[in-house]
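Asks: sequence and predicted model, in that order:
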Amino acid sequence: MSFRRPHFSLNAQGAVVGVFWSPPFEGPLHAPLEDVPRYYRAYKALHQAIEEAPRLHHRLLPGEMLVFNNRRMLHGRAAFSLPGGASKRWLRGCYVNIDDFANQYNVLRRRHAALHGDGPSAAASRPIGNQDWSCGRTFGLP
């Protein structure tokens, strides 16, 4: 059994709504022979752009957690040494369906607005999903 996915996912209007980049987990390339050189030129250019992009580095302290949309944030982990020669680190992953998250967010947003007499603001009524790429500005990224 194998799984194949393109590096880019587009919506019906042709806008990029997903970027999938994980070289260690890629399978063999399935493409017509004449497309192989062009594919690898584009692959190399994308890899170089990712390597040269601004990065936020943060070493989590005990008790801290990092939450992000797995499909909107290019992320990774770097090797590190633990203090005192310890040999274990604890990393736990959790996945939440975007529809479940968006539904709960909207329920809470409406409840908050009703409790405080607030009307829906433009920011509060923004759609949530993998298509919303504006969040990068929160971290000072272009």
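Replies: Cool, got the structure.
Asks: is Arg72 in a helix, a strand, or coil?
Replies: Here Arg72 is coil, with the state taken from DSSP: H, G, I helix; E, B strand; the rest coil.
Asks: just the helices in the protein please.
Replies: With DSSP state H applied, the chain shows helices at 36-52, 98-116, listed in chain order.
Asks: find me the pLDDT at Ala42, would you?
Replies: The pLDDT attached to Ala42 in the predicted structure is 94.
Asks: what do you get for the one 5 residues further on?
Replies: Model confidence at His47, given as pLDDT, is 93.
Asks: would you mind measuring from the nearest residue to it once chain neighbours are set aside to Leu66?
Replies: If you skip the residues right next to it in sequence, His47 has Pro23 as its closest partner in space, 7.5 Å away by CB to CB, 6 or more residues apart in numbering. From N, CA and C alone the C-beta is placed, and that goes for glycine too. Note on Pro23: its distance to Leu66, by CB to CB, to the nearest Å, is 22 Å.
Asks: same check on Phe20?
Replies: Phe20 is 20 Å from Leu66, by CB to CB.
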